[in-house]
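>>> take a look and give me a structure for this.
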Amino acid sequence: MKEYRGSFFWTTITVVFVLIVHNGTEPIFLGAMAFLPFLILKFLYKQSLWPLAVYLVIFGILGRYARYFRQSYASDTLLAIKDYIGYFLSGTNVYEQIVMAASGATPFTYLPFSLFWYLPARILTIDLRFFEMAVSSAVPALVLWYGRIEKTWKHLVVVAVVALTPFLLDLSADGSNDNSAIFLLFSALIAFAWSKRRKSNKGEFMSAVLLGLASSFKHYLAFFVLFFLVYAIG
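Residues are numbered from 1 along each chain as shown. Presented below is the predicted three-dimensional model:
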């Protein structure tokens, strides 16, 4: 494993450099760029990939935090869900209601778990866009955890892309619910990988629960249930 660390490190550094340059309008990434020489010197002194992994997660979180305060809602999704949670709490059937959004009259087109997922944030009066930003910040940490489960650093480039790509930074604060959808799916997949590594029945059960919640959150995630059928049949 040790002989491959150099290729993982330099590939990741290259990806990070390109992504940061592409993020040129974000002041927080000037600090991220300034840290790169220290990471390189640290790696040359001691070939550990942990500083780079932690760097990616930290700047993934800080980048989302900075972008949150520079954007407003670009999607009506969370605003509509917020209104429908109000209907839900009042005991009204949300599928019989219509709310007005920037795009016009909007029926509730999502699955039931999307209400329960955002319910704690709604009760605590947390802005749902901020909640999505926080969830998206956890996605690169999940990918990092997957690498630890598989005992490899090959995932590090993926962490770089998930943490620092401008598209994901935009998406984390635009008012959509796709970050939560991906978070739930990743959680199910990682719990599955962990259960197989540990041969844990409890882990498999948790993975199934998480996948079920993901499938009842947004329609397209239900297709990933097919991936698990092979294991269920076997």
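
>>> identify the spatial nearest neighbour of residue 51, chain neighbours not counted.
Using C-beta to C-beta, 6 or more residues apart in numbering and skipping the chain neighbours, the partner closest in space to residue 51 is residue 42 (5.3 Å). Placement of C-beta: from N, CA and C, glycine included.

>>> surely the one you found and residue 49 touch.
No - using C-beta atoms under 8 Å, residue 42 is not in contact with residue 49, being 10.2 Å away.

>>> tell me where the chain has strands.
98-101, 104-107 (DSSP state E).

>>> for the chain, give me the ranges with low pLDDT.
Residues of the chain meeting the criterion pLDDT under 70: 1-3, 24-25, 103, 167-172, 227-234.

>>> centre of it to the edge, which residue is at the far end?
For the chain, the residue at maximal distance from the C-alpha centroid (C-alpha atoms, centre = their mean) is residue 45, at 32.5 Å.

>>> give me the distance between that one and residue 138.
For residue 45, the distance to residue 138 (C-beta to C-beta, to the nearest Å) stands at 31 Å.

>>> also residue 204?
Plainly put, residue 204 is 22 Å away from residue 138 if you go by C-beta to C-beta.

>>> ok, now residue 4?
Look at residue 4 and residue 138: by C-beta to C-beta, they are 27 Å apart.

>>> please apply the same query to residue 97.
Distance from residue 97 to residue 138, counting by C-beta to C-beta: 31 Å.

>>> cool, residue 34 as well?
26 Å.

>>> between those two, which one's more packed in?
More neighbours surround residue 138 than the other of residue 34 and residue 138, with 17 against 9 (other C-beta atoms under 10 Å).

>>> contacting residues for that one?
residue 183 (C-beta atoms under 8 Å, 6 or more residues apart in numbering).

>>> would you mind measuring from it to residue 104?
For residue 138, the distance to residue 104 equals 33 Å [C-beta to C-beta].

>>> what of residue 91?
Distance of residue 91 to residue 104, given as C-beta to C-beta: 26 Å.

>>> could you pull out the helices for this structure?
With helices called from DSSP state H, the chain shows them at 5-22, 28-45, 50-68, 77-89, 113-123, 128-149, 156-164, 166-171, 178-198, 201-215, 225-233.

>>> what residues sit buried inside the fourth one?
Right, the one you point to is helix 77-89. 77-85, 87-88 (16 or more other C-beta atoms under 10 Å).

>>> quick check: residue 76 touching residue 101?
Yes - the pair residue 76 and residue 101 passes the contact test of C-beta under 8 Å, sitting 3.7 Å apart.

>>> the two: which is more packed in?
The residue with more neighbours, out of residue 76 and residue 101, is residue 76; 18 against 15, by other C-beta under 10 Å.

>>> list the residues that contact that one.
101-103, 106, 175.

>>> just the buried members of the residues you listed?
With burial judged by 16+ other C-beta under 10 Å, the buried subset of the contacts of residue 76 is 106, 175.

>>> farthest pair within the contacts of residue 76?
Greatest spatial distance among those (C-beta to C-beta): 106 and 175, at 12.8 Å.

>>> please report how far residue 76 lies from residue 83.
According to C-beta to C-beta, residue 76 stands 10 Å off from residue 83.

>>> nothing else from me, thank you.
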